[in-house]
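Engineer: next one to model:
(one chain, ligands or ions: 2)
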Amino acid sequence: MPKLTDPLRPVVGDKAARRLATLGSGLRTVGDLLSYYPRRYETRGELTDLAGLRDGEHVTVQAMIASVSSRPMRNRRGSIFEAVVTDGHGQLTLTFFGKGRQDWRERQLAPGLRGLFSGQVSTFRGKRQLSHPEYELIGSGAADSARAVEFATELIPIYPASKDIASWQIADSVRLALAAAELDGDPLPAQIRDRYGLYGYARALNAIHRPADERDKSRAVRRLKWDEAFMLQVVLAQRRRISTEYIALPRPVADGGLLAEFDGDLPFELTAGQRQAGATISADLAQEHPMHRLLQGEVGSGKTVVALRAMLQVVDAAGQSALLAPTEVLAQQHHRSISQMLGPMAMAGQLGGAEQATRVALLTGSQGSAARRRALLEAASGEAGIVIGTHALLEEHVQFADLGLIVIDEQHRFGVEQREALRGKAAEGRPHVLVMTATPIPRTVAMTVFGDLEVTELTELPAGRAPIATHVVPAAAKPHYLDRTWERVKEEVAAGRQAYVVCPRIGGEPDGQAPAAPGAAAGAAAAERGGRQGRAVGASDADDGGFGVADDGGLDFGDDLDETEQERRPALAVIDIAAGLKQGPLAGLRLAVLHGRLAPDEKDKVMLAFADGQVDVLVTTTVVEVGVDVPNATTMVIMDADRFGVSQLHQLRGRVGRGGHPGLCLLVTEAAPDGPARARLDAVAATQDGFALSRLDLEQRREGDVLGAAQAGRRSSLKLLTLLKDEELIGQARQEAEELVGADPALAGQPALAAAIAALLDAERAEFLEKA
Ligand code: ADP
Ligand code: MG
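Structural biologist: Numbers count the residues shown, from 1 in each chain. Ligands and ions are numbered 1, 2, ... in the order given. Purely as a prediction, here's the structure:
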């Protein structure tokens, strides 16, 4: 009997095996095929709604033949045979071209018969059609007995098919595989199946492919979702367990150290959430195993202070802390603000330095060589208790005297490998790790994407935070709203405040390089981080910290959601908008531009001038997206707002309303008032709850993108599970996994589970290598 890992060919035959290998990422083994699940099910006799078909889609529809006609071709020999099929309302034309007459087809496709028709939808002379569809008539008597049984059941599985292989041909192969395969082992432990009333493995596989009825199908889906959730959580539980076996130097709180002094000088009260998170982290740091904690916070919830307090605790315990920022602008800002907050405490060995003090070093890829050498020296000698930097911190020659804590700001730009690279820099044992997210994400997503981390959440904002009013400005429909936008900016500036104007693109490219296609914002983002227009995502020698991870490689993007617009004008650009504003509506104000093509010291100068109040209006790209903190800035105008993702807009908006003055965010768009893009903007305007918005963002996206972006390979393992809808199941699976791994870390008592996980990890590794 063939096992799940055996090749398909002997089971389904040569020809089918060849065709199946073209589906998805290639179905090659019996297991591949059996976990290629139907996309949906047709209810027998219930016709498909033809109105929902979209051009270009590959579809399988159940319909009734309404009429047929045949005519010779005009300019060539041969004939065109057309059958019009209907769902009772709409119609779809099936077109077949033949070299000669097609009488046999005419006899086959008789009006009144029902069938499944499969092909690519196109429009010809205003009529929807399938050109040369594959078809399978239902109850025509032509079907062999196995298929007759198939069609006697209530639900007909419809598989994601292609031009090479139709849905029912896949179903034929699945039937053969189900009959032949050995399905004795069950990866899900019996006690879990009992506790949650789940189908056994063989039954579930049979039922998902050939359900007796709706209930049978649902139970199969539930059971197979459990497999996905549970195996993932077992892997993560094993990883967490391994990491607790590592040794770290404990860094307990010291009496009368820098932390105590810092707390004494704090100009504000910590929020309850900050105190709680602080206590948890402080206790973690005192353990002799490394902390692995994710600090999730609403935008503006004050994560930096929490991180800084942890860093000071480690410095007090004779260690060093590294703070890794995703962009150069952010690294510089952290360096500035942390040095400022610490004041004399950060000036060890300097005139005016406190008696008890350390140093804060900055290390970026593009600083001058003298500054760089000094920073490297301070890190290696241990003089700098806190070292802040971009990815330059990861480089091999960066050394620390005693690295005790790594703080990673705005995590989604960093991969697991980058975390590992830093970990290797601890002299003794492993450093503690604190990861902070830029955008809050739902807990189950966090538990899965960052599943090897413990999660702490900061949901409240510091008291006295003024609200941010957000409005959509429909620039095309109501041009005077845009005039009013610039007037508001002028009013704010007159009142002594400052404003950001964010555009999706830098602009100023040589002719012919301007992005004209949809996705211009993603292009701009890639340009922003890749340093050059159209640079591939993943380039590593870029500006801005050089992560080469475009915005759409992270948890934010919105562009390819808009399938409605085919041709769009290029996105608005910083350079053009700045010039236009300077000569037009904002003449007389002090404007500056900021974007990723500026030299790093230039960027720093601009940011400094803005932070210092010497610039009224900063026209910028999304370099200010994460973390930038200028409390006097109250207004944020986002041009072409529809080209940004929901979470990204929320993040951008979080730059204003920080200083006790009410914030104003204006989302300028030309998107159609009733389209999906506008609906997203309205959603952003309607709530300030980042968790709710990130949920919305995730719902609109294919799950794989979320997982794939964060950790390579994981997309392959989740087929049925959706992180947002299956929260309860994931929570249960996590708990069960934790218990099982606690009792039996090597899974010695669960051979089928161990084998399934090994196969899963192998597949992921293969996929990862293929991509790399
Ligand atoms: P984020 O969580 O988005 O990274 P930041 O750490 O940048 O937020 O904090 C935003 C601002 O709030 C900073 O100016 C910081 O000094 C200020 N802040 C932080 N905690 C408090 C607090 N408890 N009370 C008042 N202001 C605070
Ligand atoms: Mg921050």
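Engineer: what pLDDT does the closest residue to ligand 1 within the stretch 651-772 of the chain get?
Structural biologist: Per Cβ to the nearest ligand atom, residue 658 is where the stretch 651-772 of the chain lies closest to ligand 1, at 5.4 Å. (Each C-beta comes from the backbone N, C-alpha and C, glycine too.) pLDDT recorded at residue 658 is 80.
Engineer: need phi/psi at the residue lying closest to it once chain neighbours are set aside.
Structural biologist: Sequence neighbours aside, residue 631 is the residue nearest to residue 658 in space, at 4.5 Å (criterion: Cβ to Cβ, 6 or more residues apart in numbering). With angles defined as degrees, to the nearest 10, residue 631 sits at phi -60, psi -30.
Engineer: how about residue 369?
Structural biologist: Dihedral angles (degrees, to the nearest 10) for residue 369: phi -70, psi -30.
Engineer: with the one 4 residues further on instead?
Structural biologist: Dihedral angles of residue 373 (phi, psi; degrees, to the nearest 10) stand at phi -60, psi -40.
Engineer: again, but for residue 669
Structural biologist: Here is the backbone geometry of residue 669 (degrees, to the nearest 10): phi -150, psi 150.
Engineer: rewinding a little: contacts only, for the residue of the stretch 651-772 of the chain closest to ligand 1.
Structural biologist: Contacts for residue 658 (Cβ atoms under 8 Å, 6 or more residues apart in numbering) come out as 300, 465, 629, 630, 631, 633.
Engineer: the residue nearest to residue 658 reaches residue 659, doesn't it?
Structural biologist: Yes - with contact defined as Cβ atoms under 8 Å, residue 631 counts as touching residue 659 (2.9 Å).
Engineer: which one of those two has more residues nearby?
Structural biologist: residue 659 (17 against 13; other Cβ atoms under 10 Å).
Engineer: residues in contact with that one?
Structural biologist: 631, 632, 633, 634.
Engineer: can we see that at 10 Å?
Structural biologist: By Cβ atoms under 10 Å, 6 or more residues apart in numbering, the contact list for residue 659 reads 464, 465, 466, 497, 498, 629, 630, 631, 632, 633, 634.
Engineer: so what secondary structure elements neighbour the top helix by length along the chain?
Structural biologist: When the chain is parsed with DSSP state H, its longest helix is helix 214-245. Where contact means 3 or more Cβ pairs under 10 Å, 6 or more residues apart in numbering; DSSP states H and E, helix 214-245 is packed against strand 40-43, strand 155-158, helix 190-196, helix 201-209, strand 292-297, helix 443-449, helix 727-743, helix 751-771.
Engineer: determine which stretch of the ones you listed is the most buried.
Structural biologist: strand 292-297 (a mean of 24; mean count of other Cβ atoms under 10 Å).
Engineer: returning to that earlier point: restrict the contacts of residue 658 to contacts with ligand 1.
Structural biologist: Restricting these to those within reach of ligand 1 (Cβ under 6 Å from any ligand atom) leaves 300, 629, 631.
Engineer: how about the residues of the stretch 351-500 of the chain that lie near ligand 1?
Structural biologist: Residues of the stretch 351-500 of the chain lying near ligand 1 (Cβ under 6 Å from any ligand atom): residue 462.
Engineer: closest residue of the stretch 351-500 of the chain to ligand 1?
Structural biologist: For the stretch 351-500 of the chain, the residue closest to ligand 1 is residue 462, as judged by Cβ to the nearest ligand atom, at 3.2 Å.
Engineer: in three-state terms, label that residue for me.
Structural biologist: What DSSP: H, G, I helix; E, B strand; the rest coil gives for residue 462 is coil.
Engineer: so it is in contact with residue 300, correct?
Structural biologist: Yes - with contact defined as Cβ atoms under 10 Å, residue 462 counts as touching residue 300 (7.8 Å).
Engineer: tell me which of those two has more neighbours.
Structural biologist: Neighbour count, other Cβ under 10 Å: between residue 462 and residue 300, residue 300 has more, with 20 against 17.
Engineer: so who does the more buried one touch?
Structural biologist: Applying Cβ under 10 Å, 6+ apart, the residues contacting residue 300 are 461-462, 465, 468, 629, 653-658, 663, 688, 690.
Engineer: before we move on, back to that, just the contacts of residue 659: which are in strands?
Structural biologist: Residues of the contacts of residue 659 located in strands (DSSP state E): 498, 633, 634.
Engineer: give me the beta-bridge partners of the second one?
Structural biologist: On the basis of DSSP bridges, residue 633 takes part in beta bridges with residue 498.
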